[in-house]
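K.L.:
This is the structure alone, sequence omitted:
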DNA sequence: AGTGCTTGTCAAGGGTCTGTATAGGGTATC
DNA sequence: GATACCCTATACAGACCCTTGACAAGCACT
């Protein structure tokens, strides 16, 4: 995480950079400008990287930017090159807090930070989806109101749909994505579509509560290589299995979501995709579940 | 949407360009010369592009142009501007065709053209909403499949949510927006929220199928000045009217959508908003309904 | 000369942003 | 255990910004 040995305390940083220690703490707590380690006793320990951020901050302030803006720019400059596989600590909590307090601007800011610091797939898998799941669970226990859940879903759905833009472009294989009838949880499916597109697929998205007949017809019409169905409840898949899916041999059916069980997958002769977005996308790309036999076009 | 990173506040722009902050605000409100973002607290944040527009404006003024003319010229030079009150012919048809043939890229392109040539409110009122209505009608007769309808709704919803971003910023009055229980048609409501924000309101959006209790509680908690409820079916409003809305006197209730009838509005003691987005927003802004008999509280 | 529009400026009343300060208490080191 | 340094939490003041509404000078046109 750190690169350089010499770590120093807040007074030393203040002296070097010519900034009061109070201000250093304020910049940290208000804008997250620096990320010092801590001693066992709780003292901040700064690295050279922190120092350079502070100096850059000062330069931008001299340029006339407001403190909030300057800090944002510093962080962006500093983090732009290194998008990580890790979600920064506290970021999910920040998103959660903003969402639950109906703080639209705060939520967008936190999401901006998320998407600018973590790889897209990591952000989706390790931040967005867990957060939504958590909200769903707390909603079930009454700790989160319907309004909070609705607000959060809409905001995140909007962000994901913006990321999704252009997901049908390209020349890869084509997947039709739909929630089975009665299923309204679409955000995981959108996230999956985004990841799948990242692996070269073209996405045709139908979304919430799609009748099976029209999903099948659309897959045929689009000559889809895969039809991905999701549901959080197994019984909805079973209802679909009853009907059967009349799809050409070239079209793989895959199911996912909490309702996608092994038994249901067998009954539907569908590929079972696990909860990991990237793994699921890879699985679909590879063809059959985990077994050989690639899906070729021919 | 905005490329340039460094953003500065109005005082800084005034200093850089040598223009009073009052004048900057006047140029913005009168001619739309600049389009600053806003902080969560409502402060304007200008980009380099805004600065160059201001400088160009000054140059044209020195040349002897009137302020209005100079601003027009600046916006025109800047390309992509001078949005009209008319939707270009054929554009709605192009959108329709792309949507119905699941052509995501084509639909986005057509929507880009729409939003870059027509004023936002005009685009929403005269293109997006009629198109969605038309799809809905053809769906009812079977001329449009569920898949086509789903695909179109999702794509347009994504675009509108992107436009909505930041609609809670600013310092104006606050409106809570929700579809009544059972109501899933949310796109008109999003469009209304966008227009309302354009008139200075801050939007707290709850969306589809919101239980009345939580909508009311959220309005209270947010100290909303207005609660806007929509439904395409009058019976859903009647169900709400039965329950009654326990809101403080300072909160106006407004209803809209195809289900919002005069009788239901009276029974709910709600302001009735017509189908015109801009007019509806103005009505809400004006306080008591302008045309048909003021709706008073208390 | 009168009327109406344009445009830069101003003020009131109030909110936001940000650097600084304080209280009460802990850590590090000799 | 003395001394210098650091911690969190909270408060605060001044600079800065917000909207609304108004006004007067300048101009065009009657």
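P.N.:
That came through fine. Not measured: the values here are computed from a predicted model.
K.L.:
Only C-alpha atoms from now on, for both contacts and neighbour counts.
P.N.:
Will do.
K.L.:
In this structure residue A:251 contacts residue A:221, no?
P.N.:
No - taking contacts as CA atoms under 8 Å, residue A:251 lies outside contact range of residue A:221: 11.6 Å.
K.L.:
out of these two, which sits in the more crowded spot?
P.N.:
residue A:251 (19 against 10; other CA atoms under 10 Å in any protein chain shown).
K.L.:
any idea how far that one lies from DNA strand D?
P.N.:
Separation of residue A:251 from DNA strand D (CA to the nearest atom of the strand, to the nearest Å) stands at 54 Å.
K.L.:
how about that residue, what does it touch?
P.N.:
Residues near residue A:251 by CA atoms under 8 Å, 6 or more residues apart in numbering or on different chains: A:223, A:224, A:225, A:226, A:227.
K.L.:
Excluding chain neighbours, give the residue nearest to the third one in space.
P.N.:
The shortest distance from residue A:225 to any non-neighbouring residue, by CA to CA, 6 or more residues apart in numbering or on different chains, is to residue A:251 (4.6 Å).
K.L.:
Tell me the pLDDT of the one you found.
P.N.:
pLDDT recorded at residue A:251 is 91.
K.L.:
and if you look at residue A:110?
P.N.:
For residue A:110, the model assigns a pLDDT of 89.
K.L.:
That one: what's it in contact with?
P.N.:
Residue A:110 makes contact with A:91, A:94, A:95, according to CA under 8 Å, 6+ apart.
K.L.:
can you pick the most crowded of the residues you listed?
P.N.:
Neighbour max across the contacts of residue A:110 (other CA under 10 Å) = residue A:95, 24 neighbours.
K.L.:
Okay, it and residue A:148: tell me how far apart.
P.N.:
From residue A:95 across to residue A:148, the span is 13 Å (CA to CA, to the nearest Å).
K.L.:
same question, residue A:195
P.N.:
Going from residue A:195 to residue A:148 by CA to CA gives 27 Å.
K.L.:
Among the two, which residue is more densely surrounded?
P.N.:
residue A:195 (24 against 20).
K.L.:
and the more buried one, what is it in contact with?
P.N.:
Residues near residue A:195 by CA under 8 Å, 6+ apart: A:121, A:277, A:278, A:281.
K.L.:
now swap in residue A:166 and tell me
P.N.:
Contacts of residue A:166 (CA under 8 Å, 6+ apart): B:104, B:105.
K.L.:
Can you show me the strands along the stretch 1-150 of chain A?
P.N.:
Counting by DSSP state E, counting those that start in this stretch, the stretch 1-150 of chain A has strands at residues A:37-38, A:44-45.
K.L.:
Could you report the neighbour count for the residue of the stretch 101-250 of chain A found nearest DNA strand C?
P.N.:
Closest to DNA strand C within the stretch 101-250 of chain A is residue A:105: 10.3 Å, counting by CA to the nearest atom of the strand. Applying other CA under 10 Å, we find 20 residues neighbouring residue A:105.
K.L.:
can you put the contacts of residue A:195 in CSV and add neighbour count, distance to DNA strand D and pLDDT?
P.N.:
Shown next, in CSV, are these (neighbours: other CA atoms under 10 Å in any protein chain shown; distance: CA to the nearest atom of the strand, whole Å; pLDDT from 0 to 100):
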residue, neighbour count, distance to DNA strand D, pLDDT
A:121, 20, 31, 93
A:277, 24, 36, 93
A:278, 19, 37, 91
A:281, 22, 42, 93
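K.L.:
From the residues you listed, pick the one nearest DNA strand C.
P.N.:
Nearest to DNA strand C, judged by CA to the nearest atom of the strand, of the contacts of residue A:195 is residue A:121 at 31.2 Å.
K.L.:
Isn't the closest one up against residue A:276?
P.N.:
No - using CA under 8 Å, residue A:121 makes no contact with residue A:276, being 9.8 Å away.
K.L.:
just to revisit the earlier point, now, of the strands of the stretch 1-150 of chain A, which is deepest in the fold?
P.N.:
strand A:44-45 (a mean of 18; mean count of other CA atoms under 10 Å in any protein chain shown).
K.L.:
Say whether DNA strand D is contacted by it.
P.N.:
Yes - using CA under 7 Å from any atom of the strand, strand A:44-45 reaches DNA strand D at residue A:44.
K.L.:
what comes into contact with that strand?
P.N.:
With contact meaning CA under 8 Å, 6+ apart, strand A:44-45 is reached by A:7, A:8, A:9, A:10, A:36, A:37, A:38, A:39.
K.L.:
Can you verify my assumption that the first one contacts residue A:50?
P.N.:
No - contact status for residue A:7 versus residue A:50: not in contact, 9.9 Å apart, counting by CA under 8 Å.
K.L.:
Check which element follows the strand or helix carrying residue A:263 along the chain.
P.N.:
In the assignment (DSSP states H and E), residue A:263 maps to helix A:262-268. Once the chain leaves helix A:262-268, the next helix or strand it forms, by DSSP H and E, is strand A:271-272.
K.L.:
Adjacent strands (with direction) for that following strand?
P.N.:
Using DSSP bridges, strand A:271-272 pairs in its sheet with strand A:252-256 (parallel).
K.L.:
Between helix B:146-164 and the longest helix seen in chain A, find me the angle.
P.N.:
What stands out as the longest helix in chain A, according to DSSP state H, is helix A:146-164. Interaxial angle, helix A:146-164 versus helix B:146-164 (axes from the mean of the first three to the mean of the last three CA atoms, to 10 degrees): 100 degrees.
K.L.:
Report the rounded mean pLDDT for helix A:146-164.
P.N.:
On average, the pLDDT along helix A:146-164 is 96.
K.L.:
do the same with stretch A:233-246
P.N.:
Stretch A:233-246 shows an average pLDDT of 88 in the prediction.
K.L.:
Show me which residues of it are buried.
P.N.:
A:233, A:234, A:236, A:237, A:238, A:240, A:241, A:245 (16 or more other CA atoms under 10 Å in any protein chain shown).
K.L.:
cool, stretch A:139-152 as well?
P.N.:
A:139, A:144, A:145, A:146, A:147, A:148, A:149, A:150, A:151, A:152.
K.L.:
Check stretch A:201-213 too.
P.N.:
Using 16+ other CA under 10 Å as the test for burial, stretch A:201-213 gives A:201-213.
K.L.:
what does stretch A:186-204 give?
P.N.:
By 16+ other CA under 10 Å, the buried positions in stretch A:186-204 come out as A:186-197, A:200-204.
K.L.:
Could you list which of these belong to helices?
P.N.:
If you go by DSSP H, these have A:187, A:188, A:189, A:190, A:191, A:192, A:193, A:194, A:195, A:196, A:197 in helices.
K.L.:
Now residue A:21: closest residue in space that isn't a chain neighbour?
P.N.:
Going by CA to CA, 6+ apart, residue A:21 has residue A:14 as its nearest residue, at 5.6 Å.
K.L.:
got it, and residue A:125?
P.N.:
Counting by CA to CA, 6+ apart, residue A:277 is the residue found nearest to residue A:125 once chain neighbours are left out, at 6.6 Å.
K.L.:
Could you give the backbone dihedrals for the one you found?
P.N.:
For residue A:277, the backbone dihedrals are phi -60, psi -50 (criterion: degrees, to the nearest 10).
K.L.:
didn't it look like it was pressed against residue A:192?
P.N.:
Yes - contact criterion CA under 8 Å: residue A:277 and residue A:192 qualify, at 5.6 Å.
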